[in-house]
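A.B. asks: Fold the following, please.
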Amino acid sequence: MAGQQTWQWPSRIALVADRRENNFYPAAKRFVDVLLAGFLLILLFPLILLIALLIKLDSPGPVFFKQERVGAKRQWLGKRAIWIVRNFTMYKFRSMVQNADSSVHEEYIRDFVEGRVSPSPENGGKFKLTNDARVTRVGRLLRKFSLDELPQLINVLIGDMSLVGPRPVPPYEVACYGNEHHKRLAALPGITGFWQVKGRCQVSFEEMIRMDLDYIRKASMWFDFKILFLTIPAVLSRRGAE
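C.D. replies: Now for the predicted structure:
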């Protein structure tokens, strides 16, 4: 992508979760992820084809947008569970012009992480880039209803992501993290999560980190199902979407 800076991130960093680990929850979570992601891909296949057609008709370029993100996978070290942090390729529907310059977003993220961004009436009181000229007409519609996220169901089937978890972030965001911020990576990243349904783009970076850490400490199948249920009204209300 034009203007993109290459960020280096160690491929194997071990993080120990703050909460007690067991075998049942990760196994049950993976079973539900595969079952629901497969079902949704089949159910939504006509919609996926329609979106792909609209993207091709709206602007030149590929249907899918692939981006390097930072996530983690759970491994056992003796009797202790650890999270190995590494980069993976995340899929989305393309919502921007082809070869969009990423430097605008990189600069905004640095300011957001370092506390130099404040919500204002001009952006609807959100911590988010708005009126972005890089976004296409179809892209704006997809983002309003979070439809650009649908291809991440493929990431769930692969095992790089879960339906529920902290949002996966690009390496240039992780490059701005302090030591305490890295703890939010001690979980499989998700399509939706506690931050997405409770504070999406309406809270500061530090509050987002607190929400992610709360999820990691309290994570359970019941909590995951609750977040999945709350995702429906959050998407329909378009809260935080742009």
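A.B. asks: So, low pLDDT: which residues of the chain?
C.D. replies: Under the criterion pLDDT under 70, the flagged ranges of the chain are 1-22, 117-131, 199-201, 238-242.
A.B. asks: all helices of the protein, in order?
C.D. replies: Ranges of helices in the chain, per DSSP state H, are 24-43, 45-58, 103-113, 137-144, 152-158, 171-174, 194-198, 205-218, 221-237.
A.B. asks: Most tightly packed of the ones you listed?
C.D. replies: helix 194-198 (a mean of 23; mean count of other CB atoms under 10 Å). Any C-beta I mention is one placed from the backbone N, CA and C, and that applies to glycine too.
A.B. asks: how about the helices of the chain in JSON lines, adding distance to residue 69?
C.D. replies: Shown next, in JSON lines, are the helices of the chain (distance: least, CB to CB, whole Å):
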{"stretch": "helix 24-43", "distance to residue 69": "17"}
{"stretch": "helix 45-58", "distance to residue 69": "21"}
{"stretch": "helix 103-113", "distance to residue 69": "13"}
{"stretch": "helix 137-144", "distance to residue 69": "17"}
{"stretch": "helix 152-158", "distance to residue 69": "9"}
{"stretch": "helix 171-174", "distance to residue 69": "8"}
{"stretch": "helix 194-198", "distance to residue 69": "15"}
{"stretch": "helix 205-218", "distance to residue 69": "15"}
{"stretch": "helix 221-237", "distance to residue 69": "19"}
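A.B. asks: Nearest to residue 75, out of those helices?
C.D. replies: Between residue 75 and the helices of the chain, the shortest separation by CB to CB is 10.7 Å, and it involves helix 24-43.
A.B. asks: Specify the stretch among the helices of the chain that is closest to residue 81.
C.D. replies: Taking the helices of the chain one by one with CB to CB, helix 24-43 is closest: 8.3 Å.
A.B. asks: ok, so what distance separates the residue lying closest to residue 67 once chain neighbours are set aside from residue 186?
C.D. replies: Sequence neighbours aside, residue 90 is the residue nearest to residue 67 in space, at 5.5 Å (criterion: CB to CB, 6 or more residues apart in numbering). Distance, residue 90 to residue 186, by CB to CB, to the nearest Å: 19 Å.
A.B. asks: swap in residue 107?
C.D. replies: Per CB to CB, residue 107 is found 28 Å from residue 186.
A.B. asks: Distance-wise, check the residue nearest the centre of the chain relative to residue 43.
C.D. replies: The residue lying closest to the centre of the chain (CA atoms, centre = their mean) is residue 167, at 3.3 Å. As judged by CB to CB, residue 167 and residue 43 stand 24 Å apart.
A.B. asks: go on, residue 60?
C.D. replies: 30 Å.
A.B. asks: Repeat that for residue 56.
C.D. replies: 23 Å.
A.B. asks: Also residue 163?
C.D. replies: Distance of residue 163 to residue 43, given as CB to CB: 14 Å.
A.B. asks: same thing with residue 143?
C.D. replies: With distances taken as CB to CB, residue 143 is found 22 Å from residue 43.
A.B. asks: Please apply the same query to residue 177.
C.D. replies: Taking CB to CB, one finds residue 177 at 37 Å from residue 43.
A.B. asks: again with residue 217
C.D. replies: In terms of CB to CB, residue 217 sits 33 Å off from residue 43.
A.B. asks: cool, and residue 155?
C.D. replies: 18 Å.
A.B. asks: Also residue 65?
C.D. replies: Distance of residue 65 to residue 43, computed by CB to CB: 23 Å.
A.B. asks: which residue of the chain sits farthest from its center?
C.D. replies: residue 78 (30.3 Å).
A.B. asks: Spit out the contact partners of that one.
C.D. replies: Applying CB atoms under 8 Å, 6 or more residues apart in numbering to residue 78 gives no contacts.
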